[in-house]
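>>> take a look and give me a structure for this.
(chains A and B)
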Protein chains: 2
Amino acid sequence: MKEEIFQSNSCHFWITDDRFDKIRLEIKVKEICFSGKSPFQKIEVFNTYEFGRVLVLGGVIVLAEKDEYIYHEMITHVPLFSHPKPENVLVIGGGDGGVVREVIKHKDVKQVTVIEIDKMVVDISKKYFSDLSAGLNDKRIKIIYNDGSKYINEIKEKFDIILVDSYDPIGTMQHLTGKDFFEDLFDHLTDDGIMVTPSQSPITNYNLVKKTFKSLSNIFPISKLYLSYLPSSPFGMMSFIICSKKYDPEKDITVTGLDNFDAKYYNIDIHKASFSLPTFIKEMKQKGDK
Amino acid sequence: MKEEIFQSNSCHFWITDDRFDKIRLEIKVKEICFSGKSPFQKIEVFNTYEFGRVLVLGGVIVLAEKDEYIYHEMITHVPLFSHPKPENVLVIGGGDGGVVREVIKHKDVKQVTVIEIDKMVVDISKKYFSDLSAGLNDKRIKIIYNDGSKYINEIKEKFDIILVDSYDPIGTMQHLTGKDFFEDLFDHLTDDGIMVTPSQSPITNYNLVKKTFKSLSNIFPISKLYLSYLPSSPFGMMSFIICSKKYDPEKDITVTGLDNFDAKYYNIDIHKASFSLPTFIKEMKQKGDK
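Predicted coordinates:
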């Protein structure tokens, strides 16, 4: 991502998502809210016309106010509604608070551990994304500032649900996508535990998604890919890989508490439909189907 | 859409989709294949790195080689697999041949009438989009060069399926989205006929989609919205409205011939899943659900 000044009637400020060199998305900026550096990465917050405030970490747009709820609902509610009693939840990353906000909507949840490497992400989110970060003050939340891939080896605790909230596998989060890391997560799941990781778009990163899927399906008895629309991501498609030791997240849906559940994107139809894959990526489903 | 020259290491040519003034998608161009004017509109063909060849009508990207199959499969196979014997099909627009290519995959189809206003679209498609236009030479196809909204009143014929292949409701195709036009289509459907029209993205044009949906559900006994990913459209989401006199396209699926059916995106799971709507647009489904 880079910033450019365009001259037209007056000066306009745009941010450009150019992670692909043959295509780029430009978003018109109202104001720059924050630009700084943590010990780990460059952090920027822009207020944009089309997407509301956007958080940019290390030059990558990691969330936008306009549609962050889609990502956060889909990474959270699909696994939590696939588990009959998700009491103990681990979030790796997630310092912005979006995942936590969704997790604590589930009444069964008794404890949420967040391992965030960068305290500044938490501070910036509390200052500029109040809706996103509101849940971080819930008494069930424990935030640990550490490297998720290292810290996981220092604890013996097991979790019902592990959510890897790393949007981009490039940059600071690279160590959160390796095989060893996922084996560690397997060991830290209870016998009926469920893990979810975002896995980029099969349209732009087909081979990466396939590779990650294959590696995960070698570790977990049940691995499935599910899809979600996500307007602010490249080409609007986001995928997640859900890995489970016992429950099939496509079929074992615990409907308790779904009536009047507070969600803007997620619902029971969307849960089921998200596992339906276009023919060109269906091979991934078949490998994971038990 | 406008063309811009950017200076970097060398001169690069980009096309910019700026139909929204606060956001724009830029696509790097390899070569300009064609630029001309028909009696109806400006027509351009660009060869791009990311999307392959793209067809631009009146400044709007109407299709891209990379993902045209998604749009054409979804507008065609959802209605045709919802009808037990789709023999007589009418396509309004569709001069590029993409819809026709998919329609003739259905063995029941005996006749396809295409009403295309602009002969140059057909000629350009035959010259620059051979994969797209191949079906136009099938002996079941009859092409009529005329204005679909006027011509429909000059014929008495009734059709099992009517597909309105007008991607953008702005510009030349504006008269193909009005209430009177859809009432005319109702009259030209058999008693168990099905009609589909694309209806933009609910993310960018929520109110327009809602208005079109309401107007259609006042005319047809069954009207339902269904969704598809479409990478080259704004934010990657496309919606269609399917209107039916008898069959429920969400439930009455004729599975005959679906094994080994030649489609890269469409399959029976995708057919069903496409009717599952995110909560924020679910009100449209409920109005149409019978």
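
>>> A:M195 touches A:V164, doesn't it?
Yes - A:M195 is within contact range of A:V164, at 7.2 Å (criterion: C-beta atoms under 8 Å). Heads up, the C-betas are built off the backbone N, CA and C, glycines and all.

>>> what's the overlap in contacts for those two?
Counting by C-beta atoms under 8 Å, 6 or more residues apart in numbering or on different chains, the shared contacts of A:M195 and A:V164 are A:L185.

>>> pretty sure A:S232 sits against A:V60.
No - using C-beta under 8 Å, A:S232 makes no contact with A:V60, being 11.4 Å away.

>>> who has more neighbours out of the two?
Using other C-beta atoms under 10 Å in any protein chain shown, the more surrounded residue of A:S232 and A:V60 is A:S232, with 26 against 18.

>>> OK, contacts around the closest residue to the more buried one other than its chain neighbours?
Distance criterion C-beta to C-beta, 6 or more residues apart in numbering or on different chains; nearest residue to A:S232, sequence neighbours excluded, is A:A64 at 4.2 Å. A:A64 makes contacts with A:T48, A:F51, A:G52, A:R53, A:V54, A:L55, A:S232, as judged by C-beta under 8 Å, 6+ apart.

>>> cool, A:F182 as well?
A:M195, A:T197, A:S215, A:L216, A:I219, A:C243 are the contacts of A:F182 under C-beta under 8 Å, 6+ apart.

>>> again, only using 7 Å
When contacts are counted by C-beta atoms under 7 Å, 6 or more residues apart in numbering or on different chains, A:F182 touches A:S215, A:L216, A:I219.

>>> just the element for it, please.
helix A:179-187 (DSSP states H and E).

>>> got it, and A:K142?
Secondary structure from DSSP H and E places A:K142 in strand A:141-145.

>>> buried set for that strand?
Residues of strand A:141-145 classed as buried by neighbour count (16 or more other C-beta atoms under 10 Å in any protein chain shown): A:I141, A:I143.

>>> strand partners of it, parallel vs antiparallel please.
strand A:111-116 (parallel) (DSSP bridges).

>>> could I have the partner strand exported to CSV, CA atoms only?
Output of strand A:111-116 as CSV, limited to C-alpha atoms (Å, rounded to 0.1, in the frame of the first residue of the first chain):
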residue,chain,number,x,y,z
GLN,A,111,-13.0,-17.4,29.4
VAL,A,112,-11.3,-15.8,26.4
THR,A,113,-7.5,-15.6,26.2
VAL,A,114,-6.1,-13.1,23.6
ILE,A,115,-2.4,-13.4,22.7
GLU,A,116,-1.5,-10.3,20.9
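
>>> averaged pLDDT, that strand. What do you get?
Strand A:111-116 carries an average pLDDT of 97.

>>> between the next helix or strand after it and strand A:141-145, how many degrees?
Next helix or strand after strand A:111-116 toward the C-terminus (DSSP H and E): helix A:119-128. Between helix A:119-128 and strand A:141-145, the angle comes out at 130 degrees (axes from the mean of the first three to the mean of the last three C-alpha atoms, to 10 degrees).

>>> so which bits of the following helix or strand past helix A:119-128 are buried?
Sequence order places helix A:130-133 as the next helix or strand after helix A:119-128, per DSSP H and E. The neighbour-count check on helix A:130-133 (16+ other C-beta under 10 Å) flags A:L132, A:S133 as buried.

>>> packing partners of helix A:130-133?
On a contact count with 3 or more C-beta pairs under 7 Å, 6 or more residues apart in numbering or on different chains; DSSP states H and E, helix A:130-133 meets helix A:119-128.

>>> what are the contacting residues of the helix it packs on?
By C-beta under 7 Å, 6+ apart, helix A:119-128 touches A:33-34, A:38, A:43, A:45, A:53, A:95-97, A:116, A:132-133, A:136, A:143, A:145.

>>> what's the closest of these to B:R24?
Relative to B:R24, the closest of the contacts of helix A:119-128 is A:R53; by C-beta to C-beta it sits at 19.5 Å.

>>> what's the helix or strand for A:P79?
Using DSSP H and E, A:P79 falls in helix A:68-80.

>>> what is that helix packed up against?
helix A:98-103, strand A:159-165, strand A:189-198, strand A:222-229, strand A:237-244.

>>> 6 Å - rerun?
helix A:98-103, strand A:189-198 (3 or more C-beta pairs under 6 Å, 6 or more residues apart in numbering or on different chains; DSSP states H and E).

>>> just to revisit the earlier point, for the next helix or strand after the strand holding A:K142, packing partners?
Sequence order places helix A:148-151 as the next helix or strand after strand A:141-145, per DSSP H and E. Helices and strands touching helix A:148-151, by 3+ C-beta pairs under 6 Å, 6+ apart: there are none.
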